[in-house]
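A.B. asks: here are the coordinates; sequence isn't available:
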């Protein structure tokens with residue numbers, strides 16, 4: 001799922017680093033520089049997050 005937040009984060013990365021942003025930054029870094037870790041992070045939602053605190057927070061929110 002591609003969100004407006006993710007689109008904005010990608011645009012900010014592109015504006016700061018140009019076309020190389022896709023090569024040097026992960027989706028986690030691009031999203032994180034704008035919003036930090038939150039429950040809408042595309043990497044977290046995709047199950048590819050490596051930050052254990054974020055994973056626990058996400059599953060806690062899902063259970064509620």
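C.D. replies: Yep, that arrived. The model shown is predicted, which means the values in this text are computed figures rather than measured ones. Numbering: from 1, shown residues only.

A.B. asks: pull the number of nearby residues for residue 55.
C.D. replies: 14 (other Cβ atoms under 10 Å). For glycine as for every other residue, the C-beta is placed from the backbone atoms N, C-alpha and C.

A.B. asks: nearest residue to it other than its sequence neighbours?
C.D. replies: Leaving out its chain neighbours, the residue that sits closest to residue 55 by Cβ to Cβ, 6 or more residues apart in numbering is residue 49, at 5.6 Å.

A.B. asks: what does residue 35 give?
C.D. replies: Here the residue nearest residue 35, using Cβ to Cβ, 6+ apart, is residue 5, at 6.2 Å.

A.B. asks: ok, that neighbour to residue 39 distance?
C.D. replies: Distance of residue 5 to residue 39, given as Cβ to Cβ, to the nearest Å: 11 Å.

A.B. asks: just the element for the nearest residue to residue 27 once chain neighbours are set aside, please.
C.D. replies: Leaving aside its chain neighbours, residue 27 sits nearest to residue 43 (5.3 Å; criterion: Cβ to Cβ, 6+ apart). Using DSSP states H and E, residue 43 maps to helix 42-45.
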